[in-house]
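Visitor: could you work out the structure for the sequence below:
(2 chains)
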Amino acid sequence: EAGVAQSPRYKIIEKRQSVAFWCNPISGHATLYWYQQILGQGPKLLIQFQNNGVVDDSQLPKDRFSAERLKGVDSTLKIQPAKLEDSAVYLCASSSVTGTYNEQFFGPGTRLTVL
Amino acid sequence: SQQGEEDPQALSIQEGENATMNCSYKTSINNLQWYRQNSGRGLVHLILIRSNEREKHSGRLRVTLDTSKKSSSLLITASRAADTASYFCATAGAQKLVFGQGTRLTINP
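Guide: Numbering: from 1, shown residues only, chains lettered A, B, ... in the order given. I've put the predicted structure just below:
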């Protein structure tokens, strides 16, 4: 079974530029998550999708971050404009059921550096 | 917040020894999960223990959960160099999984 795919793996941008990350979850997984992990900390949930609907985006900085999952499969996360404090690893995860009753499967992440 | 807090923040032991990590949290949970993260394999789920369970085993891993004390522990027995990683507890409410800051485990040869 193929795992969660993410691209790019690394991205370096200047502050105030925009950037987009892509995620393709495990086939058949209805729930998709985006996390932000700052160095030395645990992952923090940014947004959760169930199919193509948003379940939780309470910690998404909506003035600069946006995410979509148009066909209920792959997803993109965008930052515009980027700030220095956005430097982090962005993790995508998926699970087969809604909620937290089962494990989540994580992709390799995209390491973003904002200069 | 129901965020888990791991203790210790860092742990260094000799290969073959046992490693114990603790996690405390603040609010009621549905389940508690442990994940491992290293540079080679990213973030990987290790074990899930439900709120009505007290102990669970998986290979060399043993997890306990004490809901009255709002705490959990992860024991890795007979540690190996490959166990070097960061370990996170994640507390699960109805919809959201909240991760702690992690314990950095180093296994010395």
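
Visitor: tell me the contacts of the one residue sitting closest to the centre of chain A?
Guide: With distances taken as C-alpha atoms, centre = their mean, residue A:34 lies nearest the centre of chain A, 2.8 Å away. With C-beta atoms under 8 Å, 6 or more residues apart in numbering or on different chains as the criterion, the residues that contact residue A:34 are A:23, A:45-48, A:67, A:75, A:77, A:90-92. Every residue, glycine included, has its C-beta placed from N, CA and C.

Visitor: so which of the residues you listed is the closest to residue B:81?
Guide: Within the set of these, residue A:91 lies nearest residue B:81; the separation is 25.1 Å, counting by C-beta to C-beta.

Visitor: what sits against the closest one?
Guide: Remark: with contacts taken as C-beta under 8 Å, 6+ apart, residue A:91 is in contact with A:6, A:34-37, A:43, A:106-107, A:109, B:42-43.

Visitor: average model confidence for the helix or strand containing it?
Guide: When elements are assigned from DSSP states H and E, residue A:91 belongs to strand A:88-95. Per-residue confidence for strand A:88-95 averages out to 96 on the pLDDT scale.

Visitor: how about the residues of chain A by chain B?
Guide: Taking C-beta under 8 Å from any C-beta of the partner chain as the test, the list of chain A residues beside chain B reads A:40-45, A:48, A:55-56, A:91, A:93, A:98-109.

Visitor: please repeat the previous calculation with a cut-off of 10 Å.
Guide: Residues of chain A found near chain B (C-beta under 10 Å from any C-beta of the partner chain) are A:3-4, A:6, A:31, A:33, A:35, A:37, A:40-45, A:48, A:50, A:55-56, A:58-59, A:89, A:91, A:93, A:95, A:98-109.

Visitor: tell me the contacts of the residue nearest to residue A:28 when sequence neighbours are not counted?
Guide: Across the structure, with C-beta to C-beta, 6 or more residues apart in numbering or on different chains as the measure, the residue nearest residue A:28 apart from its sequence neighbours is residue A:96 (6.7 Å). Under the criterion of C-beta atoms under 10 Å, 6 or more residues apart in numbering or on different chains, the contact list for residue A:96 reads A:25-26, A:28-31, A:102-105.

Visitor: how far away is residue A:96 from chain B?
Guide: Relative to chain B, residue A:96 is positioned 12 Å away (criterion: C-beta to the nearest C-beta, to the nearest Å).

Visitor: backbone dihedrals for that residue, please?
Guide: Dihedral angles of residue A:96 (phi, psi; degrees, to the nearest 10) stand at phi -80, psi -20.

Visitor: lowest-confidence helix or strand of chain B?
Guide: For chain B, using mean pLDDT, DSSP states H and E, the weakest element among its helices and strands is strand B:5-7, scoring a mean of 88.

Visitor: what packs against the helix or strand that it is followed by?
Guide: Elements were assigned by DSSP H and E; along the chain past strand B:5-7, the next helix or strand is strand B:10-14. Using 3 or more C-beta pairs under 10 Å, 6 or more residues apart in numbering or on different chains; DSSP states H and E as the contact criterion, the neighbours of strand B:10-14 among helices and strands are strand B:19-24, strand B:103-108.

Visitor: local confidence estimate at residue A:100?
Guide: So residue A:100 comes in at 59 (pLDDT).

Visitor: please apply the same query to residue B:28.
Guide: The predicted local confidence for residue B:28 is 89.

Visitor: just to revisit the earlier point, what are the buried residues along the least confident helix or strand of chain B?
Guide: The neighbour-count check on strand B:5-7 (16 or more other C-beta atoms under 10 Å in any protein chain shown) flags B:5-6 as buried.

Visitor: perfect, I'm done here.
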